[in-house]
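[1] Please work out how this folds:
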Amino acid sequence: MELSNVSAPAASSTRLRLAQGLIVLFHITGFLGLAFSQDKAFYLKYTPLTLLLSAGLLAAFQLERGLLFWLFVMQAFLLGMVAEVVGTNTGLLFGHYTYGATLGPQYMGAPWLIGLNWVITTYLAGILAAYLPLPWWGRVLVGAALMVGFDLCVEPVAGRYDFWHWTGHIIPLRNFRDWALLALVMQLLFVRTPFLKRNPLVPLVYLVQLLFFFGLTLLNG
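    Okay, the predicted model is just below:
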C-alpha cells in the first residue's frame, strides 16, 4: 500500500514533465523554423499538429473530465466557430479578414481549428484566473484580459504566416474590442460551468504560446 502511494505521485510527475517537454520541444522547433529557416512552409504545415497536441495534452491533465467539462468544450467551440463564420462572411465581428491555409480545412471561410483555438485560449486564461482569490466576476475580467493579451501577441505576425489576413493589411481597433466582448462571454461561460478548474499543465502552455508569438513579433519588427 505504501509503495503504491509513493509510485502514483511519481508516475504523475513523470507524465507531467514529459508533457511539458513535448510542449516546449514543439514550440521551440516551430519558433526556430519560422524565425530562421528559408523553408517556413515546412514548419507551418505542422501548426495544426501542434494545436491538436496542445489540446490533447491539456485535456489529459484536466482533473475530472466529466460531462460538464465536455459541455463547456462543445459550447466554447460552437460559439467560437459561429463568431468566426459571421466575422469572415459579414465583417460584423472583428472587421474584414480572410483565413489562409495554415490552419487547415475550413467551414464557410473559418478553419475548424480556429474553433478549437477559442476553446484552448478560453480554457488557459480561465484556469489561470481561477487560481486567483477573486470573486467570479473578477475572474471573468482577468480571464478576458489574458485572452486579449494573447491576441495582441498573435496579430502582428498572423498575416506573415498565413493564419489570417486583414483587408488593407491594417488590424482594425474594432478587432480588439470585439475580441474583448467575446472573451468576456467565453469567460462567463467558463466560470459558470461547474467543473473542477485545475490543470498543472496550463501555466507552461500559456507562457510558451505567449513567448512564441511575442518572440516572432520582435524578430519581424
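[2] Residues in contact with the helix or strand where Met147 lies: which ones?
    Using DSSP states H and E, Met147 maps to helix 136-158. By Cβ atoms under 8 Å, 6 or more residues apart in numbering, the surrounding residues in contact with helix 136-158 are 121-122, 124-126, 128-130, 132, 134, 163-165, 171, 175-176, 179-180, 183-184, 186-188, 190-192, 206, 209-210, 213-214, 216-217, 220. Placement of C-beta: from N, CA and C, glycine included.
[3] same thing with stretch 48-62?
    Applying Cβ under 8 Å, 6+ apart, the contact partners of stretch 48-62 are 16, 19, 22-23, 26-27, 30, 65, 69, 103-104, 113, 116-117, 119-120, 123-124, 196, 198-202, 205, 209.
[4] what's the angle between the longest helix along the chain and helix 136-158?
    For the chain, the helix with the greatest residue count under DSSP state H is helix 2-36. With axes from the mean of the first three to the mean of the last three Cα atoms, to 10 degrees applied, the angle from helix 2-36 to helix 136-158 works out at 40 degrees.
[5] helices and strands around helix 2-36, which ones?
    For helix 2-36, the packing partners by 3 or more Cβ pairs under 8 Å, 6 or more residues apart in numbering; DSSP states H and E come out as helix 40-44, helix 47-61, helix 202-220.
[6] If you rank every helix and strand of this protein by mean pLDDT, what lands last?
    Across the helices and strands of the chain, mean confidence by mean pLDDT, DSSP states H and E is lowest for helix 2-36: a mean of 81.
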